[in-house]
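Colleague: Provided below for reference: sequence and predicted model.
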Amino acid sequence: MLLIVVYVVIGGLLACLAAHLLPVGGAPAAMGTATGIATGTVQIMLGAAMTGLFTAASVDTFTDSILLVALSGAVGATIMICVVMFMANIIYGFGAGVVPISGRVDVDPITKEPQAPYKTPQTDGHGVPIVVFVSGSLGGFIGGFGGALMYYTLLNYAHFSAGTAAIGAISIFVANAILAAYNIRGTIEGFHDPKFKRLPYALVASFAVSLLCGIVVSLTAVLGGTL
Amino acid sequence: MPIEVVLLFAWMLVIAFLAFIACTFEDLESDMGSQSNPNSQVQLAAQVGQVNRFFNKAISGEPLSNALYCVTAGAIAWILLQQLEPLVPGAEWKAAVLAIPIGVLGAVVMNVIFSTTAHCGRTAAMKRFEQPIYLDVLYGHLMPIGAHAFMTTFCITCIAYIQSNLGTLAGNPALNHPFALPLLGFVWGITVGSIGSSTGDVHYGTEREFQDRPFGEGKRVVYHGKITRYASCGIRTQRDIAGFCAKFGGPCTGMTFGLIILFTNWTTLVGMQLGGFLPNLPAFTAIGDMAAIWTIVLGLLIVAALAVGNVIFVKWVRKKCGPFVGV
């Protein structure tokens, strides 16, 4: 029972961390007014986690290693987020003639290329530049790992059915992603964004919520007779 | 190679093709109703004095609304399948041919009802800004929205049906996905909406919605709300927008989802094949672990290729377009 609570808490904390790493541009990014993926925190995180969960569920049918299932979920989510960021850049480049540029830093921390001269005035950057892509990939990996970890725990330790485990894992995931969305308040570019420093507050809240979720899952398993 | 394995790969390609169609139409459906993030500009337009003839149906975020339609369609189809399959033993596909379109039709009715209430409700709330509810705009957009939504939901429900019966279709029922049809509809409904919202919106929001502004720059805050209201002939409605986005934004979005489905399924199947897991299925052995490791390695290779591709593309665009030269 303790193992269920521990893994759910770890999964929840990873989900919260991942949401801070994803480049969330929100509605402004859809107009090329902000850097990042043009949708909300929860929506893109949920899309990535779902893809990861699908891969993890497939892999779970032929291996009983928790590490391999969690890693396959992580890779599935990373593939989803990478394809989305790459194709968004294609549309920014060819469809709108916009250069992917960070609005929060003057020099890309990875490639050291200047950003400010390429930025449109009165915008907060546009597209998915390289540092943002790296941060987003990390976010997808960590989020997918956390989601798949919770799925495996609910399926194999709490002995839920596959469907119930998936819905349970996603529900805990969403709760943590929403907490992160409150902390982000709008847009974030990734680990290089000043807003990333707010992460500890979200992690404390995430720990509390995930602990509660872990206890509820354990109680459900005990009362339902599966544990 | 055994026929079961060949069939598995063939069905995977069918699924990827359906995913391409589904997400293309999902993006166009959101453009047709102005549902997603660029809707903020349609909402803002009347408030800054730009009375317009845009359809305004921000029902909810795209992932959630699409999940709703796909789960509705999946649940109706699943219930009908439970009833109809025993009537046609040995030819269960006949039940699917009837059940899936009926389920999707139910979801489309729900979509059209939501579209009507969302448009009327939102536009009525703008009365103080003198934005009328144009009845021809309302009537003229409901059918295209419903038709696009039908295509999206139909393809997603077909994907869910194929995946939940993949093993049976390929000759080995043990390979069926552990999730039930409505749950797979939920998974792919969320994902298709998430991708349509994050990828396709860019073409509509950054380009088409502000087409009378300079090309090649992010849209400045001062432009917000001042959307392009006139078409090449007459006043612009969403039908002009969907036709434009169907030439680039829609197919790109479709390709995004198609590639995601292709890569995630492909890595799993090739991993199973390389691990020696197919066509026999020894459960929970070292062979299974090996298959999982291959799946992960192949996935990481794809991620690396995408990262390299992105670096090359970003550097190329920077060089091609150069620094910002406007004012």
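Modeller: Good, I have the coordinates. Residues are numbered from 1 along each chain as shown, chains lettered A, B, ... in the order given.
Colleague: quick one: stretch A:208-219 to chain centroid distance?
Modeller: Offset of stretch A:208-219 from its chain centre (CA atoms, centre = their mean, to the nearest Å): 20 Å.
Colleague: Report the buried residues of it.
Modeller: By neighbour count on 16 or more other CB atoms under 10 Å in any protein chain shown, the buried set for stretch A:208-219 is A:209-210, A:212-214, A:217-218. (Glycine included, C-beta is placed from N, CA and C.)
Colleague: and those residues, which two are the farthest apart?
Modeller: A:209 and A:218 (15.1 Å; CB to CB).
Colleague: between the buried residues of stretch A:208-219, which is closest to chain B?
Modeller: Nearest to chain B among those: residue A:217, at 18.3 Å, using CB to the nearest CB.
Colleague: Which of the helices or strands spans the closest one?
Modeller: Using DSSP states H and E, the element containing residue A:217 is helix A:199-223.
Colleague: can you check residue B:96 too?
Modeller: helix B:93-124.
Colleague: how about residue 95, what does it touch?
Modeller: I went with chain A, as the question did not name one. Residues near residue A:95 by CB atoms under 8 Å, 6 or more residues apart in numbering or on different chains: B:202-203, B:206-207, B:248-249, B:252.
Colleague: Chain B, not that one
Modeller: Contacts of residue B:95 (CB under 8 Å, 6+ apart): B:80-81, B:84-85, B:87-88.
Colleague: Residue B:142 contacts residue B:114, doesn't it?
Modeller: No. Applying CB atoms under 8 Å as the test, residue B:142 and residue B:114 come out as separate, 10.9 Å apart.
Colleague: What strand or helix carries the residue in chain A positioned nearest to chain B?
Modeller: Chain B sits closest to residue A:47 of chain A, with a gap of 2.6 Å, by CB to the nearest CB. Per DSSP H and E: residue A:47 is located in helix A:41-60.
Colleague: Is residue A:183 in contact with residue A:20, as I believe?
Modeller: Yes. At 7.3 Å, residue A:183 counts as touching residue A:20 under the criterion of CB under 8 Å.
Colleague: Distance-wise, check residue A:45 relative to residue A:20.
Modeller: For residue A:45, the distance to residue A:20 (CB to CB, to the nearest Å) stands at 10 Å.
Colleague: Spell out which residues are contacts of both of these two.
Modeller: residue A:180.
Colleague: Can you list the low-confidence ranges for chain A?
Modeller: For chain A, applying pLDDT under 70 flags no range at all.
Colleague: typo on my end, chain B
Modeller: B:279-285.
Colleague: Show me what residue of it gets nearest to chain A.
Modeller: Closest point on chain B to chain A, by CB to the nearest CB, is residue B:194, at 2.6 Å.
Colleague: Next up, the contacts around that residue.
Modeller: Residues near residue B:194 by CB under 8 Å, 6+ apart: A:39, A:43-44, A:46-48, A:50, B:62-63.
Colleague: Any chance of CSV for these, columns distance to residue B:268 and neighbour count?
Modeller: Shown next, in CSV, are these (distance: CB to CB, whole Å; neighbours: other CB atoms under 10 Å in any protein chain shown):
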residue, distance to residue B:268, neighbour count
A:39, 26, 32
A:43, 25, 26
A:44, 23, 33
A:46, 21, 26
A:47, 19, 31
A:48, 17, 31
A:50, 15, 28
B:62, 26, 30
B:63, 23, 27
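Colleague: hang on, the earlier thing: what's the offset of the helix holding residue B:96 from the middle of its chain?
Modeller: For helix B:93-124, the distance to the chain centre is 16 Å (CA atoms, centre = their mean).
Colleague: do stretch B:125-133 as well
Modeller: 31 Å.
Colleague: That one: which residues count as buried?
Modeller: B:126, B:131.
Colleague: contact partners of that stretch?
Modeller: Counting by CB under 8 Å, 6+ apart, B:46-47, B:49, B:51-52, B:119-120, B:123-124 sit against stretch B:125-133.
Colleague: out of everything not next to it in sequence, what's closest to residue B:276?
Modeller: Nearest residue to residue B:276, sequence neighbours excluded (CB to CB, 6 or more residues apart in numbering or on different chains): residue B:287, at 5.2 Å.
Colleague: Identify each of the helices in the chain and give its residue range.
Modeller: Just so you know, I chose chain A. A:2-21, A:26-30, A:41-60, A:66-90, A:96, A:130-152, A:162-184, A:199-223 (DSSP state H).
Colleague: hm, I was asking about chain B
Modeller: Under DSSP H, chain B gives helices at B:3-33, B:39-47, B:62-84, B:93-124, B:135-164, B:166-170, B:181-195, B:201-202, B:238-245, B:249-274, B:286-321.
Colleague: Can you spell out which helices and strands pack onto the shortest one?
Modeller: With contacts defined as 3 or more CB pairs under 8 Å, 6 or more residues apart in numbering or on different chains; DSSP states H and E, the secondary structure elements packing on helix B:201-202 are helix A:26-30.
Colleague: Could you do the last one as well?
Modeller: Secondary-structure packing of helix B:286-321 (3+ CB pairs under 8 Å, 6+ apart): helix A:41-60, helix A:66-90, helix A:130-152, helix B:249-274.
Colleague: OK, contacts around residue B:24?
Modeller: Contacts of residue B:24 (CB under 8 Å, 6+ apart): B:246, B:250-251, B:253-254.
Colleague: ok, for it, nearest residue in space, not its chain neighbours?
Modeller: Computed as CB to CB, 6+ apart, the closest residue to residue B:24 that is not its neighbour in sequence is residue B:254, at 3.2 Å.
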